[in-house]
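[1] need a structure here:
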Amino acid sequence: MVVTGNDPEERKALQNYLSKEFEMKDLGPLKYFLRIEVSRSSEGIFLSQRKYVLDLLQETGMSGCQPVNTPIEEGLKLCVEPNQVSTDKGRYQRLMGRLMYLAHTRPDLAYALSVVSQYMHNPGEQHMNAVMRILRRSTSGYFTFVGGNLVTWKSKKQNVVARSSAEAEFRGMALGLCEALWLRLLLQDLGYLSRQPIRLFYDNKAACDIAHNPVQHDRTKHVGE
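    Take a look at the predicted model:
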């Protein structure tokens, strides 16, 4: 259960009342709920479904797919053909349900989903291909702080083919580190010499494991920056 409101005293009173009626435990500020991640800053509350996306890509075998620029092909005309190649209707409908839930935080997928959802009753191979295209989005994103202030940020489609979600995440980590190193050199040119190490924060365990293990294995020897 999520309890929210702009009056802290009233919110606390509601929690106390509910705890008398039901067995409850206060888990503190909202961080994760119904596969939606919640983060806060001075600008407000931000919602994302990053882990949800990674799990979906892993389940569908699309973690290492070739990324595309748009979720739907420009000018694509879909229809139900009499002799169309059939596809797994149940799988199609499950994918549509997962993607529709993702649209809560990814409104850029709304149009593509509105197109492919029209064929849930009788999907063909062409419709499944259109759905799988929606999954083919691989981006690198990072932001850097200097003295507690946000100074640079970037989100860009990766221009290489990743063989796994861990590799895609590791590449994002490497790009963020390159940006931090560039900022340190820039500050040195401006006369500011910091002896403190660069602190890199990341939340993908597989990518962190690769970064901490200098030994190259079969699964990571092809990763290069």
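[2] how near is residue 35 to residue 172?
    21 Å (CB to CB, to the nearest Å). From N, CA and C alone the C-beta is placed, and that goes for glycine too.
[3] cool, residue 26 as well?
    Counting by CB to CB, the gap from residue 26 to residue 172 is 34 Å.
[4] neighbour count winner among these two?
    Of the pair residue 26 and residue 172, residue 172 is the one with more neighbours under other CB atoms under 10 Å, namely 23 against 8.
[5] close enough to count as contact, that one and residue 142?
    Yes - using CB atoms under 8 Å as the test, residue 172 is close enough to residue 142 to be in contact (6.5 Å).
[6] Could you tell me whether residue 99 really is in a helix?
    Yes - looking at residue 99 with DSSP: H, G, I helix; E, B strand; the rest coil, it is inside a helix.
[7] pLDDT value on it, please?
    At residue 99, the model reports a pLDDT of 92.
[8] repeat for residue 124
    You'll see residue 124 listed with a pLDDT of 90.
[9] So the residue nearest to it when sequence neighbours are not counted: helix, strand or coil?
    Across the structure, with CB to CB, 6 or more residues apart in numbering as the measure, the residue nearest residue 124 apart from its sequence neighbours is residue 84 (3.6 Å). Put simply, residue 84 is coil when judged by three-state DSSP.
[10] Residue 84 contacts residue 128, correct?
    No - in this structure, residue 84 sits apart from residue 128 without contact. The criterion is CB under 8 Å, and the distance is 10.7 Å.
[11] Looking at these two now, which is surrounded by more residues?
    More crowded of residue 84 and residue 128, by other CB under 10 Å: residue 128, with 20 against 15.
[12] That one touches residue 93, doesn't it?
    No - with contact defined as CB under 8 Å, residue 128 and residue 93 do not form a contacting pair (11.1 Å).
[13] the strands in this structure, which residues?
    Using DSSP state E, the strands assigned to the chain run over residues 32-33, 36-41, 44-48, 139-146, 149-157.
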